[in-house]
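>>> Next one to model:
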Amino acid sequence: MAVAELLPLFVAVPLLTSGLSVVVRSRTLDAVLSVAVPLVSMAAAIALLVHHGSHPPMAVSVGAFVPGVAIPFVSDTLSALMIVVTSLSTAVAAWFLILTREYRYRFVPALTLMTFAGVNGALLTGDLFNLFVFVEVMLLPSYALLAVTGSWRRLGIGRMFVIVNLVTSAVLVSGVGLVYASAGAVNLAVLQGAAAQDPRVALGVSVVLVALLVKAGVVPAYGWLPRAYPGTSAGMMALFAGLYTKVAVYAVLRIVYVVFAPQHRPYDLATHPLTWVLGVLVVATMLVGAVGSLGENRVRGVMAFQMTAGVGHILIGVVLAFPAAVVAGVFYLVHHVITMSGLLTLTGSVELAYGQSRIDRLGGLVRREPVIAVGMALGLLSLAGLPPTSGLWGKWGLISATAEAGQHGQAAWGWVMMAGILLASVATLMALQRLWTGAFGGDELTHMRPDVVTGGRGPDTVLPADVRVAPRLMAPGLLMIGLSVALFVGAGLVMPFVEQGVAGLFDPTDYVKAVLP
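Modelled structure (predicted):
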């Protein structure tokens with residue numbers, strides 16, 4: 001059996017195990033499936049990465065229809081790398097949900113696995129309509145997951161989350177319809193360079209990109225993210241943080257460089273009028289996310305705004321449109337998923353032990369929780385782009401790319417992007433310093449002030465002297481922060497895969513040959 005014929009299993013296995021979780025009522029089975037399925041997917045994606053080191057992209061057409069009409073599953077280095085990262089973050093989030101016993105809520109394991117199936121499908125699909133389908137497979141379970149976890153705020157926030165995503169999904173499928181009406185196809189390989197030749201195709205693809213940018217949390221349509229994500233539980237927020245916005249960003253990269261880039265002339269994207277519009281939005285997203293962190297009084301609220309800022313950093317490569325910039329953006333994506341997963345699960349462990357997440361209701365944790373403090377300190381350093389964490393190479397790569405922009409006729413944008421990165425970094429440092437001083441510095445806690453656990457109700461109670469975060473709850477977050485430090489040391493091992501994946505974006509010849517042999 002050819003390796004390509006196994007690609008549908010990345011979707012089929014999570015879907016089948018999701019159904020198995022519903023049919024067989026066993027908490028043990030739910031726990032095993034929730035972690036094992038993402039880990040198996042990660043192992044298979046690592047095997048794909050190794051395979052693509054010496055083999056070109058590969059594709060399989062589901063249903064045995066003719067190429068160009070069939071539903072293609074396509075794997076290359078970039079999609080395999082994305083599956084590795086998203087599978088890892090899903091497994092860690094599921095592990096944390098098991099430790100917090102949230103996996104015992106009815107259908108949570110099944111819905112999580114269904115979400116994971118949609119993510120894998122969106123990363124592997126080779127046509128726009130099935131991108132829409134898999135994005136919906138990914139999003140529909142999230143409505144229920146948001147409703148069953150977190151504080152009472154989740155109910156009102158869930159309504160907003162549903163409305164935003166339903167509207168943007170309608171826009172997305174409308175854009176796909178426009179593309180099909182103008183080009184007669186939605187297969188990415190068939191559409192290679194089509195938007196550069198036909199303004200009608202460009203209009204349809206632009207509508208698709210607008211919907212994806214909203215789902216990614218790009219300014220001005222970013223407000224749903226910092227409102228919705230903190231309203232659910234820390235474990236569920238860690239799951240969402242590693243999947244939804246990152247899949248949307250990946251889809252933007254794939255579509256722009258396959259459909260918009262003139263054939264064999266991807267650098268011409270830099271002069272496209274839409275690139276100028278996106279450039280303004282990217283800078284605004286970085287700054288709004290960083291500055292918004294300063295006004296938050298909850299730890300996970302700060303993290304939500306940092307997610308918005310992270311999306312802006314990742315999309316810098318689309319604006320500058322040369323390989324080094326895109327490589328830096330993709331590496332930043334990998335770093336951001338790992339770091340945010342670690343910070344959110346560590347924050348969740350503190351919430352469970354002390355019953356709240358408000359910065360002004362915490363204090364002295366550096367003395368009560370020294371292990372948590374070290375993990376959080378390293379995670380915050382990573383967000384700020386400081387050693388010894390992966391964030392250093394992420395920020396350094398982006399700044400180096402902006403400095404190199406002049407060599408590619410992008411001097412003006414290079415300076416603008418560099419200024420945006422530096423200003424966002426200063427605002428991020430201020431926000432993270434405020435978080436650290438409020439939650440980990442200052443006087444040691446003497447009372448528990450209900451916030452998360454009781455929904456903000458009830459009187460203050462004296463904090464027992466023996467209250468501490470359970471070591472088992474620390475483990476997922478410390479693992480991810482440890483990986484961030486390991487990525488700082490071993491960036492040279494990961495970077496070749498990132499560079500190879502980005503090279504496939506700039507020259508999609510092999511990608512097209514795999515789909516249209």
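>>> ok, and the closest non-adjacent residue to residue 234?
Spatially, and ignoring its direct neighbours in sequence, residue 234 is nearest to residue 348 (2.5 Å; C-beta to C-beta, 6 or more residues apart in numbering). Placement of C-beta: from N, CA and C, glycine included.
>>> Could you give the number of residues near that neighbour?
For residue 348, the count of nearby residues is 30 (other C-beta atoms under 10 Å).
>>> and it, what is it in contact with?
96, 100, 233-235, 237-238, 473, 477 (C-beta atoms under 8 Å, 6 or more residues apart in numbering).
>>> Can you classify it by secondary structure?
helix (DSSP: H, G, I helix; E, B strand; the rest coil).
>>> wait, is residue 19 part of a strand?
No. Per three-state DSSP, residue 19 lies outside any strand segment and is helix.
>>> While we're on it, how confident is the model there?
With respect to pLDDT, residue 19 has a value of 93.
>>> Could you measure from it over to residue 159?
Taking C-beta to C-beta, to the nearest Å as the measure, residue 19 falls 28 Å from residue 159.
>>> now do residue 493
Residue 493 is 45 Å from residue 159, by C-beta to C-beta.
>>> swap in residue 437?
Per C-beta to C-beta, residue 437 is found 35 Å from residue 159.
>>> so where's the protein uncertain?
Low-confidence segments of the chain (pLDDT under 70): 1, 64, 67-68, 149-156, 261-272, 445-462.
>>> quick one, helices of the stretch 51-200 of the chain?
77-99, 108-124, 128-148, 154-183, 194-197, 199-216 (DSSP state H, counting those that start in this stretch).
>>> next SSE after the last one?
So that's helix 199-216. helix 224-228 (DSSP states H and E).
>>> Pull the number of nearby residues for residue 490.
The burial count for residue 490: 12, using other C-beta under 10 Å.
>>> Now it. Its backbone dihedrals?
Per-residue torsions, residue 490: phi -110, psi 30 (degrees, to the nearest 10).
>>> Export the helices of the stretch 51-200 of the chain as CSV, with columns for mean neighbour count and distance to residue 374.
What follows is those, written out as CSV (neighbours: other C-beta atoms under 10 Å; distance: least, C-beta to C-beta, whole Å):
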stretch, mean neighbour count, distance to residue 374
helix 77-99, 26, 18
helix 108-124, 27, 29
helix 128-148, 21, 31
helix 154-183, 18, 31
helix 194-197, 20, 49
helix 199-216, 22, 32
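>>> could I get the ones you listed as a markdown table with distance to residue 53?
Converted to a markdown table, the helices of the stretch 51-200 of the chain look like this (distance: least, C-beta to C-beta, whole Å):
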| stretch | distance to residue 53 |
| --- | --- |
| helix 77-99 | 8 |
| helix 108-124 | 18 |
| helix 128-148 | 26 |
| helix 154-183 | 33 |
| helix 194-197 | 31 |
| helix 199-216 | 29 |
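>>> of those, which approaches residue 332 most closely?
Among those, helix 77-99 comes nearest to residue 332, with 11.8 Å by C-beta to C-beta.
>>> so where do the helices sit in the stretch 301-450 of the chain?
Going by DSSP H, counting those that start in this stretch, the stretch 301-450 of the chain shows helices at 316-320, 323-354, 365-368, 370-384, 390-404, 411-439.
>>> Relative to residue 224, which of these is closest?
helix 323-354 (17.4 Å).
>>> if I pick residue 12, what's in contact with it?
residue 117.
>>> now the angle from the helix or strand encompassing residue 236 to helix 108-124?
Using DSSP H and E, the element containing residue 236 is helix 234-255. Put simply, helix 234-255 runs at 20 degrees to helix 108-124, going by axes from the mean of the first three to the mean of the last three C-alpha atoms, to 10 degrees.
>>> and the residue lying closest to residue 319 once chain neighbours are set aside, how many neighbours does it have?
Spatial nearest neighbour of residue 319, chain neighbours left out: residue 279 (4.3 Å); criterion: C-beta to C-beta, 6+ apart. Neighbour count of residue 279, defined by other C-beta under 10 Å: 22.
>>> I'd like to know how far residue 279 sits from residue 213.
13 Å.
>>> shouldn't residue 400 be in contact with residue 325?
No. Look at residue 400 against residue 325 with C-beta atoms under 8 Å: they stay out of range, at 9.2 Å.
>>> More neighbours: those two, which one.
Neighbour comparison, residue 400 and residue 325: the larger count goes to residue 325, with 28 against 14 (by other C-beta under 10 Å).
>>> Please report how far the more buried one lies from residue 196.
According to C-beta to C-beta, residue 325 stands 20 Å off from residue 196.
>>> If you rank the contacts of residue 348 by neighbours, which is first?
Counting neighbours by other C-beta under 10 Å, the top entry in those is residue 238, with 34 neighbours.
>>> who are the neighbours in contact with it?
89, 92-93, 96, 340-341, 344-345, 348.
>>> okay if I get those residues as CSV plus distance to residue 65?
Converted to CSV, the contacts of residue 238 look like this (distance: C-beta to C-beta, whole Å):
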residue, distance to residue 65
89, 34
92, 38
93, 36
96, 42
340, 40
341, 39
344, 42
345, 43
348, 46
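>>> between the residues you listed, which is closest to residue 385?
For the contacts of residue 238, the nearest to residue 385 is residue 340 (14.0 Å; C-beta to C-beta).
>>> What's the separation between the closest one and residue 45?
For residue 340, the distance to residue 45 - C-beta to C-beta - is 20 Å.
>>> again, but for residue 480
17 Å.
>>> Those two: which has the busier surroundings?
Neighbour count, other C-beta under 10 Å: between residue 480 and residue 45, residue 480 has more, with 27 against 24.
>>> Am I right that that one is in contact with residue 339?
Yes. Using C-beta under 8 Å, residue 480 is in contact with residue 339, at 7.3 Å.
>>> OK, contacts around the closest residue to residue 381 other than its chain neighbours?
With C-beta to C-beta, 6+ apart as the criterion, residue 381 has its nearest non-adjacent residue at 5.3 Å, and that residue is residue 389. Residues near residue 389 by C-beta under 8 Å, 6+ apart: 335, 339, 378-379, 381-382, 484-485, 487-488.
>>> which one of those residues is nearest residue 2?
For the contacts of residue 389, the nearest to residue 2 is residue 487 (32.8 Å; C-beta to C-beta).
>>> Who are the contact partners of the closest one?
334-335, 338, 389-390, 393, 494.
>>> is it fair to say it lies in a helix?
Yes. Assigned with three-state DSSP, residue 487 falls within a helix.
>>> What distance do you get for it to residue 441?
Residue 487 sits at a distance of 28 Å from residue 441 (criterion: C-beta to C-beta).
>>> Then residue 160?
On the measure of C-beta to C-beta, residue 160 and residue 441 end up 34 Å apart.
>>> what's the answer for residue 274, then?
For residue 274 relative to residue 441 (C-beta to C-beta), the value is 46 Å.
>>> Residue 232 now?
For residue 232, the distance to residue 441 - C-beta to C-beta - is 28 Å.
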